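Enquirer: Quick one: sequence plus predicted model below, questions after.
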Amino acid sequence: MHSAGFLANLMARKFAARLQHEVRDLGLAPAQFMVLAEMAERDGLTQRQLVERLEVEQATMANTLARMERDGLIRRAISDADRRAKCIFVTDKGRSRLEIAFQRAQKVNAIATSDLTSQETEMFVNLMNKVIETLKRH
C-alpha cells in the first residue's frame, strides 16, 4: 500500500464506483459524464479532439458517443471547417443531466476529501496535477 501507482489506481476506481452509484439514475456511465463535462467547456468538438483531450482509445470513444447519441445526450453535425469531420454537440437533455451529475460529482469529491483540511485538499489536487503532467512528459 505504499506504491503511488497502486494507490492512484485504487483511488480512481473508488471515485468511479461512487460516481457510478450517484449518477446511475440519470442513465450516465462515468465515461459519458467525462465526455459531457469536457464538452461543457467547449461544445462542438470532434471525436478526435475528445480522444486527445480525455486520453482514451478511439474505439472506446466511438462506442461511448454512439450510446450517447442513441440516448439523446449528444447530436452530431458536419463540421463547417472539415466536411469529413463531425462535430459533437450536447443536447438539452444532455445538458440537464450534466448539471445534476456535476452536483453529484461535487458531492463525491466532498465526501472523498472530508477528512482533509481545505489546504490539504488544495495541496492534494496540485500534487495529483503535478504527477499527471510528469507522466505526460515521459
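Expert: Looks like it arrived, so ask away.
Enquirer: Check which residues of the helix or strand of the chain with the lowest mean pLDDT are buried.
Expert: Ranked by mean pLDDT, DSSP states H and E, the weakest helix or strand in the chain is helix 30-41, scoring a mean of 90. For helix 30-41, burial by neighbour count (16 or more other Cβ atoms under 10 Å) applies to 30-36, 39. Where C-beta positions appear, they are placed from N, C-alpha and C, glycine not excepted.
Enquirer: I'd like the next helix or strand past it.
Expert: Counting by DSSP states H and E, the element after helix 30-41 in chain order, helix or strand, is strand 45-46.
Enquirer: list the helices and strands whatever helix or strand residue 63 lives in packs on?
Expert: Using DSSP H and E, residue 63 maps to helix 58-70. Judged by 3 or more Cβ pairs under 8 Å, 6 or more residues apart in numbering; DSSP states H and E, helix 58-70 is in contact with helix 30-41, helix 47-54, strand 74-78.
Enquirer: hmm, try it at 6 Å
Expert: Taking 3 or more Cβ pairs under 6 Å, 6 or more residues apart in numbering; DSSP states H and E as contact, the helices and strands that helix 58-70 lies on are helix 47-54.
Enquirer: So for the most centrally placed residue in the chain, what's the nearest residue that isn't a sequence neighbour?
Expert: Nearest to the mean C-alpha position of the chain, counting by Cα atoms, centre = their mean, stands residue 34 at 1.8 Å. Counting by Cβ to Cβ, 6 or more residues apart in numbering, residue 54 is the residue found nearest to residue 34 once chain neighbours are left out, at 5.8 Å.
Enquirer: returning to what we had before: can you give me how far the least confident helix or strand of the chain is from the chain middle?
Expert: 4 Å (Cα atoms, centre = their mean, to the nearest Å).
Enquirer: What's the separation between residue 132 and residue 84?
Expert: Look at residue 132 and residue 84: by Cβ to Cβ, to the nearest Å, they are 32 Å apart.
Enquirer: Please say which of the two ends up with more neighbours.
Expert: Using other Cβ atoms under 10 Å as the criterion, residue 132 and residue 84 rank with residue 132 on top: 11 against 7.
Enquirer: Done for today, thanks.
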